[in-house]
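Asks: requesting a structural model of the entry that follows:
(one chain, ligands or ions: 2)
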Amino acid sequence: MDSITLICTASLLACGLFWFVCIIGSAEQKGKVQDYYEQYQSFFRRPTEIETAGKWAWGKSFHLSPSIPGKSDRDATRLHEEMAVDLLNVKPGDKILDAGCGIGGPMREIAAHSCANVVGITINEYQVKRAKMHNKKAGLDKQCDVVCGNFLEMSFDDNTFDGAYSIEVTCHAPKLEKVYGEIYRVLKPGSLYVSYEWVTTELYRGDEDEHVEVIQGIKREDALPGLRSYKDIAEVAKRVGFEVVNEEDLASNPWWNRLKMGRIAYWRNRIVVTVLEWLGIAPKGTVDVHEMLFVTADYLTRGGETGIFTPMRMILCRKPESKSD
Ligand SMILES: C=C(CC[C@@H](C)[C@H]1CC[C@H]2C3=CC[C@H]4[C@H](C)[C@@H](O)CC[C@]4(C)[C@H]3CC[C@]12C)C(C)C
Ligand SMILES: C[S@@+](CC[C@H](N)C(=O)[O-])C[C@H]1O[C@@H](n2cnc3c(N)ncnc32)[C@H](O)[C@@H]1O
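Replies: Numbers count the residues shown, from 1 in each chain. Ligands and ions are numbered 1, 2, ... in the order given. Coordinates of the predicted model:
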């Protein structure tokens, strides 16, 4: 290695270390790089892992939440999750299902808040591993279990659960009937199901170019099979047998401001992931994923600002006591 290569290598290493130390050093950002990396991993099923001790604003929850004046993003996320289980009216010791549990951020919050036992299902094996590890670390592994499987064909027996929820998940299902039908099947009669849905709102116009561009952008960048209208959700729920107890858009406060903050941090984050990828700590492609998320964030923000899209259309349904009720 000649001296110029040596100097360049040393400078890049120093830059990488500088960024790493800056991020790790700040109390607010502690662990951000590792968790950031972990989320990329989880999204894209890469099995390598970096242990994470700290937490960052997105925590272990892969969903959006309405901002709450005077509350941090973390608290707003927690309250959004707690609202789901509060709606279910569960008792301590009840068994509830988290359909599409990710790495279990909501599951642990919900278990701790409600004292219910939560069983999560995700199709992603890497997420199962991470969720179990985090459950153990949080001392909640007796209350929280995670299985790998498809929520369109679950291995649970009929009438197993005292409640169920799904947070920003069912948009991945090509047919909503299939996932709602499965959740209906595994719920005990009389039990409740709550879902936070990604949908277009009543403001969406299929003949307006900007609306179409934004919704197509969200679908494409988030790899969704389609995006439903808010009107479709209750219809499907009723078709599979549920009674619809309540339906409401929880997006009264902007949920997209956090994504704008992500944009401000764009260059800092980009440099961090570039250095990590260059050093071989992050896998090849991490920078591309960062770029893709940045584009996604822009479409989601435009969807929120125009009011044509919401990621938190809440539907609360009950499985009747008996089918004829
Ligand atoms: C899979 C889903 C999850 C939705 C959200 C949790 C994520 C969708 C877009 C993600 C993000 C976009 C921009 C990133 C930013 C460029 C980066 O610097 C910091 C992280 C982001 C803010 C990131 C965080 C998670 C998302 C909001 C859907 C399909 C159900
Ligand atoms: C946006 S993440 C939300 C995760 C979690 N609800 C949260 O808020 O942190 C979507 C989740 O749905 C899961 N998922 C998508 N399709 C699935 C399927 N067919 N069966 C089971 N899980 C699925 C993904 O693996 C991921 O965990």
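
Asks: D75: what's it in contact with?
Replies: For D75, the contacting residues are I68, taking Cβ atoms under 8 Å, 6 or more residues apart in numbering as the criterion. For every residue, glycine as well, the C-beta is placed using N, CA and C.

Asks: wait, does stretch 105-117 make contact with ligand 2?
Replies: Yes. Residues of stretch 105-117 are located near ligand 2 by Cβ under 6 Å from any ligand atom, namely G105, P106.

Asks: check which residues of that stretch are buried.
Replies: G105, P106, M107, R108, E109, I110, A111, A112, H113, S114, A116, N117 (16 or more other Cβ atoms under 10 Å).

Asks: same thing with stretch 135-153?
Replies: Of the residues in stretch 135-153, those scored as buried under the neighbour-count criterion (16+ other Cβ under 10 Å) are N135, A138, L140, D141, Q143, C144, D145, V146, F151, L152.

Asks: and those residues, which two are the farthest apart?
Replies: A138 and L152 (29.0 Å; Cβ to Cβ).

Asks: residue nearest the centroid of the protein?
Replies: Most central in the chain under Cα atoms, centre = their mean is F62, positioned 2.4 Å from the mean C-alpha point.

Asks: so what pLDDT did that residue get?
Replies: Each residue has a pLDDT score; the one for F62 is 95.

Asks: likewise for G31?
Replies: For G31, the model assigns a pLDDT of 35.

Asks: before we move on, back to that, adding secondary structure, write the buried residues of stretch 135-153 out as TSV.
Replies: Output for those, formatted as TSV (DSSP: H, G, I helix; E, B strand; the rest coil):
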residue	secondary structure
N135	helix
A138	coil
L140	coil
D141	coil
Q143	coil
C144	strand
D145	strand
V146	strand
F151	coil
L152	coil
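
Asks: return only those of those residues found close to ligand 2.
Replies: F151, L152.

Asks: list just the nearest of the buried residues of stretch 135-153 to ligand 1.
Replies: The shortest gap between ligand 1 and any of the buried residues of stretch 135-153 belongs to F151, at 13.4 Å (Cβ to the nearest ligand atom).

Asks: what is the neighbour count of the nearest residue to that closest one once chain neighbours are set aside?
Replies: Excluding the flanking residues, the one nearest F151 by Cβ to Cβ, 6 or more residues apart in numbering is A99, at 4.6 Å. The number of residues packed around A99, counting by other Cβ atoms under 10 Å, is 26.

Asks: let me know the pLDDT of A99.
Replies: Confidence per residue is given as pLDDT, and for A99 that number is 98.

Asks: list the contacts of it.
Replies: The neighbourhood of A99, defined by Cβ under 8 Å, 6+ apart, consists of I121, F151, A164, Y165, S166, V169, T170, V179, I183.

Asks: out of the residues you listed, which one sits closest to K231?
Replies: For the contacts of A99, the minimum distance to K231 (Cβ to Cβ) is 15.4 Å, reached by T170.

Asks: one step back: what would the buried residues of stretch 135-153 look like in CSV with pLDDT?
Replies: Compiled in CSV, the buried residues of stretch 135-153 are given as follows (pLDDT from 0 to 100):
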residue, pLDDT
N135, 98
A138, 96
L140, 97
D141, 97
Q143, 98
C144, 98
D145, 98
V146, 98
F151, 97
L152, 97
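
Asks: make CSV from the buried residues of stretch 135-153 and add distance to H80 to it.
Replies: Compiled in CSV, the buried residues of stretch 135-153 are given as follows (distance: Cβ to Cβ, whole Å):
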residue, distance to H80
N135, 20
A138, 19
L140, 19
D141, 24
Q143, 20
C144, 19
D145, 23
V146, 21
F151, 21
L152, 25
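
Asks: now do the helices in the stretch 51-200 of the chain.
Replies: 73-88, 105-114, 125-137, 176-186 (DSSP state H, counting those that start in this stretch).

Asks: which residues of this protein lie near ligand 2?
Replies: So far as Cβ under 6 Å from any ligand atom goes, the chain lies against ligand 2 at 61-63, 100-102, 105-106, 121-124, 127, 150-152, 167-169, 172.

Asks: which element is encountered next along the chain beyond the one helix or strand K260 maps to?
Replies: When secondary structure is defined using DSSP states H and E, the element that contains K260 is helix 257-264. Helices and strands here follow DSSP H and E; after helix 257-264, the next one along the chain is helix 266-279.

Asks: is there contact, residue-wise, from that following helix to ligand 1?
Replies: Yes. Contact between helix 266-279 and ligand 1 is present through Y266, N269 (criterion: Cβ under 6 Å from any ligand atom).

Asks: need the residues that contact the very next helix or strand once past that helix.
Replies: If you walk from helix 266-279 toward the C-terminus, the next helix or strand you reach (DSSP H and E) is helix 286-306. Contacts to helix 286-306, defined as Cβ under 8 Å, 6+ apart, come from residues 37, 40, 43-44, 64, 203, 210-211, 214-215, 217-218, 221-222, 251, 254-256, 259-260, 262-263, 266, 269-270, 273-274, 276-277, 309-311.
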